[in-house]
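Colleague: okay, predicted coordinates and the sequence, questions at the end:
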Amino acid sequence: MSRKSILPSTFWIWLTGSPYYYDSDNQIVSQINVLNKAYSSVGVNFVLKNITRTVKQAWFNLVGPGNPAQTDMKNALRQGGAADLNVYIVGFNSSQWDGLLGYASLPSSYTGNPTDDGVVILYKSLPGGTETNYNFGHVNMPFLPNVLHN
C-alpha cells in the first residue's frame, strides 16, 4: 500500500446479563494499538470511532458465521461503508462454535452483501482477556487483511 489508509472502527460489545461480561475501554484501545503496530508497515491506521455496548444475550451467545443471529445483529447495527471497520465482540457460547476465536467477511462479498461486512471476535481474545495464549490482541489480526478493501 503506497498511501496511508485510515479505517474508522466501531466496536460493538454485547452484554449477556448477570453476571455481566464487560470489556473495558482500555481493552478496546489496547486492541486498536496492537492493530496499528501490526499494520503500520503497510500504511494502515485504525482509528477508534465508537464503542457501543448492548445487552442482547442471543447475539452474544449464538452468533456464528452466516447464521440467523449474525444476520440479525449485523442488519441492526452495521454502520458506515466499505472504508469502515465494524468489529463485533461476542461469546461464541453455542457448542457449535466452541473454540472459535473469530471470523471476517471477504472483501469480494461486500458489493453483493455490504451489511455482512465486518469482523466478529471472541471477547476473551482481546488484550488482557481470559483466553489463555490468545489474549494479546493478535488473534484478531489474520481476519483484517480480508476487510481492507477501501
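Modeller: Happy to help now that I have it.

Colleague: stretch 31-43: which residues count as buried?
Modeller: Neighbour-count burial for stretch 31-43, with 16 or more other CB atoms under 10 Å as criterion, is recorded at 31-32, 34-35, 38-39. For glycine as for every other residue, the C-beta is placed from the backbone atoms N, C-alpha and C.

Colleague: let me know the closest of those to residue 93.
Modeller: Residue 93 lies nearest to residue 31 out of these, by CB to CB, at 20.7 Å.

Colleague: is it true that the closest one lies in a helix?
Modeller: Yes. Residue 31: assigned to a helix according to DSSP: H, G, I helix; E, B strand; the rest coil.

Colleague: show me the shaky parts of this protein.
Modeller: 1-8, 12-23, 139-150 (pLDDT under 70).

Colleague: beta partners for the spatially most central residue of the chain?
Modeller: Residue closest to the mean C-alpha point of the chain, counted by CA atoms, centre = their mean, is residue 87 at 2.6 Å. Using DSSP bridges, the bridge partners assigned to residue 87 are residue 11, residue 119.

Colleague: and the strands in this protein?
Modeller: For the chain, the strands defined by DSSP state E occupy 5-15, 44-55, 85-90, 102-104, 119-122.

Colleague: related to what we said a few turns ago, surely the residue nearest to the centre of the chain and residue 11 touch.
Modeller: Yes. Counting by CB atoms under 8 Å, residue 11 is a contact partner of residue 87 at 4.9 Å.

Colleague: kindly export stretch 64-84 (C-alpha atoms) in PDB.
Modeller: Written as PDB, here are the backbone C-alpha positions of stretch 64-84 (Å, rounded to 0.1, in the frame of the first residue of the first chain):
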ATOM      1  CA  GLY A  64     -21.700 -17.600  14.200                       C
ATOM      2  CA  PRO A  65     -20.600 -17.500  10.500                       C
ATOM      3  CA  GLY A  66     -23.700 -16.900   8.300                       C
ATOM      4  CA  ASN A  67     -26.300 -17.900  10.900                       C
ATOM      5  CA  PRO A  68     -29.600 -16.000  11.500                       C
ATOM      6  CA  ALA A  69     -28.300 -14.500  14.800                       C
ATOM      7  CA  GLN A  70     -25.300 -12.900  12.900                       C
ATOM      8  CA  THR A  71     -27.600 -11.700  10.100                       C
ATOM      9  CA  ASP A  72     -30.000 -10.100  12.600                       C
ATOM     10  CA  MET A  73     -27.100  -8.500  14.500                       C
ATOM     11  CA  LYS A  74     -25.400  -7.000  11.500                       C
ATOM     12  CA  ASN A  75     -28.600  -5.900   9.900                       C
ATOM     13  CA  ALA A  76     -29.500  -4.000  13.000                       C
ATOM     14  CA  LEU A  77     -26.100  -2.500  13.800                       C
ATOM     15  CA  ARG A  78     -23.700  -2.200  10.800                       C
ATOM     16  CA  GLN A  79     -22.600   1.400  10.300                       C
ATOM     17  CA  GLY A  80     -20.600   3.100   7.600                       C
ATOM     18  CA  GLY A  81     -19.400   1.900   4.300                       C
ATOM     19  CA  ALA A  82     -16.600  -0.100   2.800                       C
ATOM     20  CA  ALA A  83     -14.000   2.100   4.500                       C
ATOM     21  CA  ASP A  84     -15.400   1.500   8.000                       C
END
